[in-house]
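A.B. asks: kindly return the folded structure for what I paste below:
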Amino acid sequence: TVEALVKQWAPLVWLAPNEKYMPGDVSKFLEHDSAVSLDLLFDLPIGNESKNWYLVTNSDIDELITRKESFIHGQNPLNENVPIYAVVSMCKHSPSEMSHKPDQKRPQFKRNPYAPTPKNIFELQPNLRQTINKVEKSIRLIRKKRELEESIKLHDETVHNTDLPSKQSAEDLTVGRRVFINSDEGNGKQNFNSNTDNSIENTPRSEENEEWETITERRHDTERYGDEASHDFPHFHVTYWMFYPYSQGKVMCTIDLGPFGPWPIPLIFGMCLGTKKEFGSHVGDWEHMSLYFRGRKEPDEMYVSAHDAGAFYSYERLTGTFEYHSQETRKGILQQPTFPKTVVTSSNHPVLFAAEGSHGLWTAPGKHKFVRVPRLYDINGFGMPWSTWRNVQIIYENSAQGRSSLQPKWMKFNGRWGNPKTKCHPLKRIGLHICELTDGPTGIPRKKHHFKCKA
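C.D. replies: Here you go, the predicted model:
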């Protein structure tokens, strides 16, 4: 069913190690905010009339930030089942539809080199290098396992299609033999050694491998695909929305120019010779990623959003990973991030990393530059895991399932999920829109889909 697939592929989101502002429940957020427009108060307006409204905190924002127990700091996903909101769009399809081709309207292929971690990131997180090595090792393990299974299959076919030596015992004909491939790097030869164990899964594992081998681990091929042809899996795309009550801006080094306000200046040998100021914070924060299912149990494509940009990935069934194939910038020209090329999965769940403070989603841990001028970075890592599938609230966007009437009321609010901007730059009248506290973001109804159903 759609619900089962949505939960099965919901992401595993790693919050940053020093994260102060956790994800939250929309319903709890609304308990502490009021809809405001032109000094008018309203319960919660809906529809087009609500576009100019703001959801403003009932208490002073500086006071809320100071109080660590306030709702603005969100909820700890280890202690509470913080919801994720999955918006599903069902697609009509015909049996003859070529459903597994990538969308030709996708932006042109663009593969960038990726170097996620500069030297100083390992000083911030001493255990990060070892953790990353474990993740990479797990990927190599799975790929070697796939190659080994193919070799077993090829070897068994060869044995059954040739005459066996007369001295071979009946014990050697045991079904489900295990074959080990020992590669001799010196001469390039491979030696096949047989064993009578029932499955390659019985291979001894070290404690180090056992913990991380679940990443990209897949079920046996016959179990995964054996009955796929006899089922009609749904066609749909789903966007997983994560809500945070507060998004922390970026700290910049500035110099005060009097009536012209503060201007950003570069660091000199890593030191700020001016005044550090935080810009771009806002109440309310919506982050998202999307999956496109085209008639089978695995998604064909994934989209991961980071601020005003995002990347498209294609799913590789053999390795259980998502591979980068293109990216886009939805707004402005300054954001040109370099996205990681591979996304690993853990028991089908895509593994994502939320940036510290701003919560932009990335597909690898490290330090990511997403704005060139001024240079702005996201830092993330293995902090606190958020298993989003434990509380998935599914919302049907169209009437294909006859459930669109079950949408919560807040889904019809078209205004901004936070306070109006304050403490802005003196030159904002001429287009320099830099504020310490920016407008709250628009909600789900005003966001565009990254996937479209085939006509």
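
A.B. asks: please count neighbours and contacts with C-alpha atoms only from this point.
C.D. replies: Fine.

A.B. asks: so, low pLDDT: which residues of the stretch 251-400 of the chain?
C.D. replies: Using pLDDT under 70 as the threshold, the predicted model of the stretch 251-400 of the chain has low-confidence ranges 332-335, 370-374, 399-400.

A.B. asks: all strands for it, in order.
C.D. replies: Assigned strands in the stretch 251-400 of the chain, in chain order: 262-264, 275-279, 282-294, 301-306, 309-316, 321-329, 342-343, 345-346, 349-354, 361-362, 366-371, 376-380, 384-387, 392-396 (criterion: DSSP state E, counting those that start in this stretch).

A.B. asks: quick one: these as CSV, columns for distance to Gly74 and mean neighbour count too.
C.D. replies: As requested, these are arranged in CSV below (distance: least, C-alpha to C-alpha, whole Å; neighbours: other C-alpha atoms under 10 Å):
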stretch, distance to Gly74, mean neighbour count
strand 262-264, 30, 17
strand 275-279, 20, 16
strand 282-294, 11, 24
strand 301-306, 20, 23
strand 309-316, 25, 21
strand 321-329, 29, 21
strand 342-343, 27, 18
strand 345-346, 25, 21
strand 349-354, 14, 24
strand 361-362, 17, 26
strand 366-371, 24, 20
strand 376-380, 18, 21
strand 384-387, 13, 19
strand 392-396, 17, 19
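
A.B. asks: nearest to Cys253, out of these?
C.D. replies: Ranking these by their distance to Cys253 (criterion: C-alpha to C-alpha) puts strand 275-279 first, at 4.5 Å.

A.B. asks: for that closest one, enumerate the helices and strands it packs against.
C.D. replies: In this structure, strand 275-279 packs against strand 250-256, strand 435-437, with contacts taken as 3 or more C-alpha pairs under 8 Å, 6 or more residues apart in numbering; DSSP states H and E.

A.B. asks: just name the most buried of those.
C.D. replies: Across the helices and strands packed on strand 275-279, averaging neighbours per residue (mean count of other C-alpha atoms under 10 Å) puts strand 435-437 on top, at a mean of 20.

A.B. asks: confirm that Glu150 sits in a helix.
C.D. replies: Yes: the assignment for Glu150 (DSSP: H, G, I helix; E, B strand; the rest coil) places it in a helix.

A.B. asks: returning to what we had before: now the helices and strands packed on strand 275-279 in JSON lines, with distance to Glu31?
C.D. replies: What follows is the helices and strands packed on strand 275-279, written out as JSON lines (distance: least, C-alpha to C-alpha, whole Å):
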{"stretch": "strand 250-256", "distance to Glu31": "28"}
{"stretch": "strand 435-437", "distance to Glu31": "21"}
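
A.B. asks: circling back: between the strands of the stretch 251-400 of the chain, which one is nearest to Gly440?
C.D. replies: When those are ranked by proximity to Gly440 (C-alpha to C-alpha), strand 282-294 comes first, at 5.5 Å.

A.B. asks: the closest one vs strand 309-316, what angle?
C.D. replies: In this structure, strand 282-294 runs at an angle of 30 degrees to strand 309-316, with axes from the mean of the first three to the mean of the last three C-alpha atoms, to 10 degrees as the basis.

A.B. asks: and the contacts of stretch 236-243?
C.D. replies: Residues outside stretch 236-243 that contact it (C-alpha atoms under 8 Å, 6 or more residues apart in numbering) are 6, 10, 23-26, 83-91, 284-294, 451-453.
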